[in-house]
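S.K.: Give me coordinates for this.
(one chain, ligands or ions: 1)
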Amino acid sequence: AAYLKAIDAHNAAFNAYVAVTHDQATAMAKASDLKLSQGTAGALEGIPLGVKDLFGTRDVHTQAASNILDGFKPKYESTVTQNLWDDGAVMLGKLNMDEFAMGSSNETSYYGPVINPWKAKGSNMDLVPGGSSGGSAAAVAAHLCAGATATDTGGSIRQPAAFTGTVGIKPTYGRCSRWGVVAFASSLDQAGPIARDVRDAAILLKSMASVDDKDTTSVDLPVPDYEAAIGQSVKGMKIGIPREYRVDGMPEEIEKLWQQGIAILKDAGAEIVDISLPHTKYALPAYYIVAPAEASSNLARYDGVRYGLRVEGRDIADMYEKTRAEGFGKEVQRRIMIGTYVLSAGYYDAYYLKAQKVRTLIKRDFENVFAEGVDTILTPATPSAAFGIADQDMANDPVKMYLNDIFTVTVNMAGLPGISVPAGLNPKGLPLGLQLIGKPFEEETLFRTAAVME
Ligand code: GLN
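M.R.: Predicted coordinates for the structure are as follows:
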C-alpha cells in the first residue's frame, strides 16, 4: 500500500510507470499476507516489484513502450516474472523503457522520457536515467518499487543502474529464460534485476533464473544461492584491468573512479593485473550490425494483423505499410533499415557475416584472459554520468548516443555476466558506476566482488 501510494503521488514527476496494477498488487499482497501468517512464505513473499514493459504479463499492459503494440495484453506470463510471482513477489505495474529496448536514454519511448531522480548539484536540469531500462532504474532509485526486472541487450541494465546509483546485473546468456519477453536481438537479450544494493540484486536474480523448456537457449545448470557469496573475501582473487578500455577522451572523473575501484579491491587483498582485450574497439560497430539485423527479423511480426495497432489501408500491403509507419518510432525504424540493409543479398557477407566473425574474436579475447587465471575484469560502466534530456548533440547524431554503450556491449557480444555497482559521485554529485565482468555462469564471483566495492 505504501508503494502504491508513493507511485500515485510521485510517478508523474518521473514517468517511470506506464501502467500501475493497483488491483493485482492488492490481491497479490493479500495472498502474501495469508502465506506469511500460515508460515508458507516464499523467498520473495510480499516484496513489491516493478516490471519492465518488455516482459509479457498475463492480461496486463505489455507494449514494449511502442505504439505498434497499442492495447496489447498477452494471454501468457513470461517465465522470469512467473518465477518471481511463484516466490511470492507482488507486481506494482509496468515500467517505462526505450521503445523495443532500443536506446540509451529512455527517450525513444512512445510514452515520453523518464526523468532521473538525481539532479546535478545546484542545477534543476532534468537528466536522463539511461536506457533502455530507464523506468526500472528510476523507479528503484526513487523508492517507487523495492526492485525491478530489466533486460540488457547491449548495456540496458548496467548503464541505467550506473546513471541512477543502483545495482544492475546482466547474467550470463542462458541464465534466465527469454520466453515471454518481447524479443529485440535474440542472441544478445538477457533479463536481470535492478536493485538498491548488491544483496537485493543477488536475491532477485536467484528467483528470476531458471532453465526453461520453452527457451532452448536457457541453460540447465543449478542456480546457486547468490546471497551466500556476499561477505566472502576477495583475497587472492585476480582482477584484470583491460588497457583497451582506456578510451580517447574519457573524462577524468571516470579514470579517477576506476583508480578508486582498483584501490578498494587491492586493499581487500585482490591481485590487480593488466590485461589486453585487443578486439574491444570493434565491439561497438559489430554490435550495431548484429543487434539491428536480429531486430529487423524479430520486428517483422508486427504487421497489423497479429498484435496491437492496425491502420486500415487500401489493401493488405498498404495496411502493413501504414501500420508500421505509424506504429514504430524513429529509432526503431532506423534499426529496421540498418538491419534489413546488412542482411540483404550482396551486403550480408560484407557486414553481417563479418560482424559475426568479429564477435567470435571478442569472445576469444575474454576466454584467453580467463584462461590465464583472471577471475573477474573491472572497467567503468559508462563513459560519463547521466546527461541532460533532449541533449542536442545526441539528438543530432545517433552515433554519439551509441557510444554510451562502449563499455557494456562487449559483454553481450561474448555472452558473459556483467554487474554495475555504484562507485561514488562525480564532482557534480551525480552517481557513477563501475562494471565487473565474469566468467560464464560465475555470477557469484560478481556479487562477491561487487559487495566489497559497494
Ligand atoms: N543502447 C543499446 C541499444 O540501443 C542497448 C540496448 C539494450 O541493451 N537493450 O541497442
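
S.K.: Could you check how far the residue nearest to the spatial centre of the chain is from E252?
M.R.: In the chain, the residue lying closest to the centroid (CA atoms, centre = their mean) is I157, at 2.3 Å. For I157, the distance to E252 (CB to CB, to the nearest Å) stands at 26 Å. C-beta coordinates here come from the backbone N, C-alpha and C atoms, glycine included.

S.K.: swap in A27?
M.R.: 52 Å.

S.K.: Point out the other helices and strands that the helix or strand of the chain with the lowest mean pLDDT packs with.
M.R.: Across the helices and strands of the chain, mean pLDDT, DSSP states H and E gives its lowest value to helix 392-396, namely a mean of 82. The helices and strands touching helix 392-396, judged by 3 or more CB pairs under 8 Å, 6 or more residues apart in numbering; DSSP states H and E, are helix 398-402.

S.K.: For the residue lying farthest from the centre of the chain, which three-state class applies?
M.R.: In the chain, the greatest distance from the average C-alpha position (CA atoms, centre = their mean) is reached by R314, at 40.2 Å. Under DSSP: H, G, I helix; E, B strand; the rest coil, the three-state class of R314 is coil.

S.K.: So what does it look like in phi/psi?
M.R.: Note on R314: backbone dihedrals following degrees, to the nearest 10 are phi -60, psi -40.

S.K.: E372 too?
M.R.: phi -80, psi 0.

S.K.: which residues sit in contact with it?
M.R.: Taking CB atoms under 8 Å, 6 or more residues apart in numbering, we find E372 in contact with I275.

S.K.: how close does it get to I275?
M.R.: 8 Å.

S.K.: just A139 next, same as before
M.R.: Counting by CB to CB - A139 and I275 are separated by 36 Å.

S.K.: need the strands for the stretch 201-350 of the chain, in chain order.
M.R.: 238-242, 271-275 (DSSP state E, counting those that start in this stretch).

S.K.: contacting residues for the closest residue in space to R310 that isn't next to it in sequence?
M.R.: Nearest residue to R310, sequence neighbours excluded (CB to CB, 6 or more residues apart in numbering): G304, at 4.1 Å. Counting by CB under 8 Å, 6+ apart, G304 makes contact with 310-311, 319-320, 322-324, 327.

S.K.: repeat that for 10 Å
M.R.: Contact analysis of G304 by CB atoms under 10 Å, 6 or more residues apart in numbering lists 68, 310-313, 316, 319-324, 326-327.

S.K.: With R335 instead?
M.R.: 99-100, 102-103, 108, 184-185, 288, 291-296, 299, 328, 398.

S.K.: Give me the subset of these that also touch the ligand.
M.R.: 102-103, 184, 291 (CB under 6 Å from any ligand atom).
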